[in-house]
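Novice: this is a predicted model, with the sequence first.
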Amino acid sequence: MAGGLVALLDDIAALAKLAAASVDDIGAAAARASVKATGVVVDDTAVTPRYVQGLEPERELPIIKRIALGSLRNKLLFILPAALLLSQFVPWLLTPILMVGGCYLAYEGAEKLWEAVSGHHEEAEPVAVDGSGEDTVVAGAIRTDFILSAEIMVIALNEVETEPFISRAVILAVVAVLITVLVYGVVGLIVKMDDIGLNLAGRESSTAQKVGRGLVKGMPVLLRVLSTVGIAAMLWVGGHILLVGVDELGWHSLYALVHHLEEGVAGVAGVGGVLAWFVNTLASALIGLVVGAVIVAVLHVLPRRKKAAAAH
């Protein structure tokens with residue numbers, strides 16, 4: 001009896017270790033998949049604050065909460081099942097779909113660069129502050145989020161496509177929750193930072209006043225930096241998706257060239273790994289910029305020139 005109990009306890013301990021290992025594996029895979037989606041995450045974080053511009057301060061966090069819940073619903077109820085079915089029954093479609101997302105990221109990054117250089121910026125529409133206006137803002141933000149969330153989930157899926165079906169489902173669900181909490185937590189902090197700064201600036205403490213004024217002055221700078229990092233991340237991630245995708249589809253020359261350049265600097269003592277990463281990142285960003293520039297030219301530059309020529 002005692003022997004049977006000891007054996008049972010040993011079995012339970014083994015199962016517990018196995019479960020712990022599975023949790024660790026899922027956590028590691030989720031973290032790896034989330035890192036791969038960096039470009040879209042930064043873009044999402046940079047884009048979302050504009051949806052609450054012009055609203056009353058007390059309505060900012062409730063609206064961000066509604067957008068966050070809509071984003072989570074997008075990921076868990078619509079995108080996750082579609083992604084799992086895709087990976088289970090037509091996995092060969094994953095690379096082409098991922099490359100379409102890579103082209104979109106490259107286009108978004110190149111478009112923002114073109115707007116900065118040319119001065120052609122889309123004017124933000126004024127936001128109504130009544131209930132119907134808030135509903136319109138939330139609906140528009142959730143629609144935009146659907147595109148970004150789909151890219152995040154497909155990128156994450158590509159990282160864990162060799163995992164068993166249940167593990168894939170759990171990992172993608174973890175990524176969905178993790179990314180949503182991260183993005184909208186940061187967005188909430190960003191949009192309320194001005195209010196926090198103003199509150200501190202109104203206190204009697206000179207230290208609090210300095211910190212408050214620093215926050216108020218620093219937020220525009222932070223948003224500009226975030227926007228710049230977002231552009232670079234979109235070009236880098238989009239270009240890397242395309243670089244790997246064309247190699248998987250059978251055109252190996254470009255990937256082989258980048259790999260050869262990486263090997264050329266990988267042997268440098270002490271910094272070889274960093275230099276190799278930098279070469280790959282720079283090459284990916286250049287590929288993203290070229291592809292994005294071509295799409296921008298087709299969608300924006302050429303139509304404008306044709307319209308200008310027709311006007312003359």
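Specialist: Sure, I can see it.
Novice: CA atoms for contacts and neighbours, from now on please.
Specialist: OK.
Novice: what about residue 279, neighbour count?
Specialist: The local packing count at residue 279 equals 20, with neighbours defined by other C-alpha atoms under 10 Å.
Novice: show me what counts as buried in stretch 253-269.
Specialist: The neighbour-count check on stretch 253-269 (16 or more other C-alpha atoms under 10 Å) flags 255, 258, 262, 263, 265, 266 as buried.
Novice: now it, how far from the chain's geometric center?
Specialist: Taking C-alpha atoms, centre = their mean, to the nearest Å, one finds the center of stretch 253-269 at 27 Å from the center of the full chain.
Novice: please apply the same query to stretch 220-229.
Specialist: Between the mean C-alpha location of stretch 220-229 and the chain-wide mean there is a distance of 16 Å, by C-alpha atoms, centre = their mean.
Novice: and if you look at stretch 95-112?
Specialist: Relative to its chain's centre, stretch 95-112 lies at 12 Å (C-alpha atoms, centre = their mean).
Novice: closest one to residue 137 out of the buried residues of stretch 253-269, please.
Specialist: residue 255 (42.2 Å; C-alpha to C-alpha).
Novice: now name the helix or strand holding the closest one.
Specialist: Taking DSSP states H and E as the criterion, the element that holds residue 255 is helix 253-266.
Novice: packing partners of that helix?
Specialist: Contacts defined by 3 or more C-alpha pairs under 8 Å, 6 or more residues apart in numbering; DSSP states H and E place helix 253-266 against helix 206-248, helix 272-296.
Novice: closest to residue 73 out of those?
Specialist: Nearest of the helices and strands packed on helix 253-266 (C-alpha to C-alpha): helix 206-248, 24.2 Å.
Novice: tell me the secondary structure at residue 268.
Specialist: Using DSSP: H, G, I helix; E, B strand; the rest coil, the structure places residue 268 in coil.
Novice: show me what contacts it?
Specialist: With contact taken as C-alpha atoms under 8 Å, 6 or more residues apart in numbering, residue 268 is in contact with no other residue.
Novice: for it, give its distance to residue 183.
Specialist: 37 Å (C-alpha to C-alpha, to the nearest Å).
Novice: about what we covered before: could you pull up the mean pLDDT of the helix holding residue 255?
Specialist: Computed over helix 253-266, the mean pLDDT rounds to 91.
Novice: and what of stretch 202-222?
Specialist: Confidence over stretch 202-222, taken as the mean pLDDT, stands at 82.
Novice: tell me the buried residues in it?
Specialist: Using 16+ other C-alpha under 10 Å, the residues of stretch 202-222 that count as buried are 208, 209, 211, 212, 213, 214, 215, 216, 219.
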